[in-house]
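Peer 1: all I have is the shape, not the residue letters:
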C-alpha cells in the first residue's frame, strides 16, 4: 500500500470562545462543530473547570481559520455562530 507522511500540525496562536446564539439550532451546531473538529479545521480547548457544558474555546493558527469555520457553520449546517476573541499574554 501507498503511505503518505502525516499532515503537520502547528501551534495555535489565536483563541476565541465559540457559541451558538440560537438555541433552536443546537443540534446542527453540535454536529457541525464535531465534524469540523474531526477535519482539523481548528482545535478545541476547554477551561479547567468546564464540565463540557460551557462555551468551547477554539484555537487556530490564524484568524482565517475562524472565518472559514463560521462560514461553513452558516452555509453547511445552517447555524449562525458567535466568536469572542480571547487575548492572552
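Peer 2: Noted; the coordinates are in hand. As the structure is a computational prediction, the values presented were derived from the model and not from experiment.
Peer 1: got the contact list for stretch 81-89?
Peer 2: Outside of stretch 81-89, the residues that reach it under the criterion Cβ atoms under 8 Å, 6 or more residues apart in numbering are 14-21, 29, 57-58, 66, 69-70, 73-74. Backbone N, C-alpha and C define where each C-beta goes, glycine included.
Peer 1: compare those residues and tell me which has the most neighbours.
Peer 2: In terms of neighbour count, residue 58 stands highest of those at 26 neighbours, by other Cβ atoms under 10 Å.
Peer 1: any weak-confidence spans in this structure?
Peer 2: Counting by pLDDT under 70, the low-confidence segments of the chain come to 89.
Peer 1: can you pull out the strands in the chain?
Peer 2: 14-19, 43-45, 57-60, 82-86 (DSSP state E).
Peer 1: how about these in a markdown table, adding distance to residue 7?
Peer 2: Formatted as a markdown table, the strands of the chain follow (distance: least, Cβ to Cβ, whole Å):
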| stretch | distance to residue 7 |
| --- | --- |
| strand 14-19 | 20 |
| strand 43-45 | 13 |
| strand 57-60 | 15 |
| strand 82-86 | 24 |
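Peer 1: of all these, which one is nearest residue 5?
Peer 2: strand 43-45 (20.4 Å; Cβ to Cβ).
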